[in-house]
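1. Just a sequence and a predicted model for now, questions to come.
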Amino acid sequence: MITLSDINWWAVLLATFGYYVLGALWFTPLFGRAWDRSIGYDRAATSVRFPVSYYVVPLIGAAIGTLVVAIFTALIDPGTLLGSAAVGVGVGGAIAGATLTNALTPHTPNPYLFAAIMGGYHLVGCTLVGLILGTFAG
């Protein structure tokens with residue numbers, strides 16, 4: 001059994017920020033054009049200003065994902081930096097698998113590309129979270 005005091009909240013905050021910044025990089029300079037193709041969107045053809053929720057909701061998602069990795073890491077107590085990263089890989093892999101299921105809709109123009117980009121982001125992001133949490137483990 002774990003308690004809230006078993007979680008390093010500063011590490012959770014830092015890892016959440018890392019996961020969020022990774023998303024900004026992942027969906028803009030790294031894989032932004034491919035992600036746009038996967039959903040049938042042309043960023044260059046529009047001048048849409050995204051609402052605040054476009055930025056806040058991913059931050060909340062990063063915080064939730066980070067908290068899940070932190071709770072699993074505290075429960076498992078992997079003992080090493082690589083062990084903490086492995087917890088992140090497990091959580092990220094689960095999210096990536098669920099993403100594939102969600103991508104297979106008739107409305108997603110390129111579902112496998114979408115799943116690879118989205119799933120890859122969560123796999124790398126949760127692994128990063130595990131590494132950050134493991135770095136600050138007691």
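-> Structure received. Numbering: from 1, shown residues only.

2. Quick check: pLDDT value at the residue lying closest to residue 95 once chain neighbours are set aside.
-> Leaving aside its chain neighbours, residue 95 sits nearest to residue 122 (4.0 Å; criterion: Cβ to Cβ, 6 or more residues apart in numbering). In short, each C-beta sits where N, CA and C put it, glycine included. We have a pLDDT of 98 for residue 122.

3. name the helices or strands packed onto whichever strand or helix holds residue 122?
-> If you go by DSSP states H and E, residue 122 is part of helix 111-135. When contacts are defined as 3 or more Cβ pairs under 8 Å, 6 or more residues apart in numbering; DSSP states H and E, helix 111-135 packs onto helix 9-25, helix 32-39, helix 53-76, helix 81-103.

4. pLDDT below threshold where in the chain?
-> For the chain, applying pLDDT under 70 flags the ranges 138.

5. Which residue is most remote from the mean position of it?
-> Most distant from the centre of the chain: residue 45, at 27.7 Å, with distances by Cα atoms, centre = their mean.

6. That one and residue 2, how far apart?
-> 49 Å (Cβ to Cβ, to the nearest Å).

7. buried ones in stretch 29-36?
-> Within stretch 29-36, the residues that qualify as buried by neighbour count (16 or more other Cβ atoms under 10 Å) are 31, 35, 36.

8. For it, which outside residues touch it?
-> For stretch 29-36, contacts defined as Cβ atoms under 8 Å, 6 or more residues apart in numbering pick out 27, 42, 43, 113, 114, 117, 118, 120, 121.

9. out of those, which are buried?
-> 27, 113, 114, 117, 118, 120, 121.

10. Distance to residue 103 for the residues you listed - can I get that in a markdown table?
-> Listed next are the buried ones among the contacts of stretch 29-36 as a markdown table, based on distance: Cβ to Cβ, whole Å:
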| residue | distance to residue 103 |
| --- | --- |
| 27 | 15 |
| 113 | 9 |
| 114 | 5 |
| 117 | 9 |
| 118 | 7 |
| 120 | 12 |
| 121 | 13 |
